[in-house]
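J.: Take this sequence and fold it.
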Amino acid sequence: MALFGTAMALVLTLAIVVPVFGAPPTTIHPPNPSASHRPAPPLAVGTTLTISGSGTAFKIGNRTVTESASISLTATVIKSSPGRGMLNFTAGTLTIDSNTYTVVRGHGIITFHSDRMILHLVVKNSAGDTFHLILNGRHAKASSTAAFTVDFTMKSQSKLAHLWFLKINGATVTPTPK
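T.: From the prediction side, this is the model:
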């Protein structure tokens with residue numbers, strides 16, 4: 001019995017040790033820091049985006065009151081990664097009926113994985129009063145070389161704060177590379 005126990009211990013030891021030493025070596029390659037392996041961002045830094053479109057403005061507090069609305073905005077891509085881009089607004093207008101609001105300043109984020117665009121702008125009317133313009137939309141695949149569209153919806157809280165909800169579907173975003 002002692003001989004049998006010694007033989008079994010030897011067999012179990014070999015069963016554990018042999019597969020470890022008998023396995024072929026695997027090679028683990030170090031990460032390659034080369035930029036050529038990183039995906040390029042869809043929007044290049046320095047690209048100018050012109051956003052234009054028209055739709056409807058709905059009076060906040062009484063959505064049965066509607067007016068025509070149009071936007072013409074100009075932004076520059078100031079940061080870009082494969083996941084998102086940051087925009088700085090340099091010019092533009094929002095027109096609701098016969099009232100025109102001029103862009104004073106603004107910024108925005110465009111995400112590429114969820115196809116969202118969120119813009120926060122400060123605009124002023126002809127009397128010099130300032131208002132917050134928020135545009136929240138979904139866009140087609142962003143590109144630095146081809147135009148794409150974006151839908152700004154009332155449901156996603158696109159609005160001229162405290163005055164109008166905005167619905168501007170199919171606004172065109174035209175990129176101009178640096």
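J.: gap between the residue most central in space within the chain and residue 80?
T.: When CA atoms, centre = their mean is applied to the chain, the residue found nearest the centroid is residue 111 (1.1 Å). Computed as CB to CB, to the nearest Å, the residue 111 to residue 80 distance reads 11 Å. For every residue, glycine as well, the C-beta is placed using N, CA and C.
J.: Residue 135 too?
T.: For residue 135 relative to residue 80 (CB to CB), the value is 19 Å.
J.: of the two, who's got more company?
T.: residue 135 (26 against 22; other CB atoms under 10 Å).
J.: Next up, the contacts around the more buried one.
T.: 71, 108, 117, 118, 119, 121, 152, 158, 166, 168 (CB atoms under 8 Å, 6 or more residues apart in numbering).
J.: Also residue 166?
T.: Contacts of residue 166 were listed using CB under 8 Å, 6+ apart, and they are 55, 56, 57, 58, 69, 135, 152, 154, 158, 159, 160.
J.: Need the three-state assignment for it.
T.: Secondary structure assignment for residue 166 (DSSP: H, G, I helix; E, B strand; the rest coil): strand.
J.: With residue 126 instead?
T.: Here residue 126 takes the coil state, with states given by three-state DSSP.
J.: On the C-terminal side of the worst-scoring helix or strand of the chain on mean pLDDT, identify the next helix or strand.
T.: Lowest by mean pLDDT, DSSP states H and E among the helices and strands of the chain is helix 2-22, with a mean of 58. Next along the chain after helix 2-22, taking DSSP states H and E as the criterion, comes strand 48-59.
J.: Can you list the strands that the helix or strand that comes right after that following strand pairs with?
T.: Later in the chain than strand 48-59, the nearest helix or strand by DSSP H and E is strand 66-80. Next to strand 66-80 in the sheet, as set by DSSP bridges, lie strand 48-59 (antiparallel), strand 84-96 (antiparallel).
J.: CA atoms of strand 66-80 as PDB?
T.: Output of strand 66-80 as PDB, limited to C-alpha atoms (Å, rounded to 0.1, in the frame of the first residue of the first chain):
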ATOM      1  CA  THR A  66     -45.900  78.800 -33.400                       C
ATOM      2  CA  GLU A  67     -43.500  80.800 -35.600                       C
ATOM      3  CA  SER A  68     -41.000  80.000 -38.300                       C
ATOM      4  CA  ALA A  69     -37.400  79.600 -37.100                       C
ATOM      5  CA  SER A  70     -34.100  79.400 -38.800                       C
ATOM      6  CA  ILE A  71     -30.400  79.100 -37.700                       C
ATOM      7  CA  SER A  72     -27.100  80.000 -39.300                       C
ATOM      8  CA  LEU A  73     -24.200  79.200 -37.000                       C
ATOM      9  CA  THR A  74     -20.400  79.100 -37.500                       C
ATOM     10  CA  ALA A  75     -18.200  77.100 -35.200                       C
ATOM     11  CA  THR A  76     -14.500  76.000 -35.100                       C
ATOM     12  CA  VAL A  77     -13.400  72.600 -33.800                       C
ATOM     13  CA  ILE A  78     -11.000  73.400 -31.000                       C
ATOM     14  CA  LYS A  79     -10.400  69.900 -29.700                       C
ATOM     15  CA  SER A  80     -11.000  66.500 -31.200                       C
END
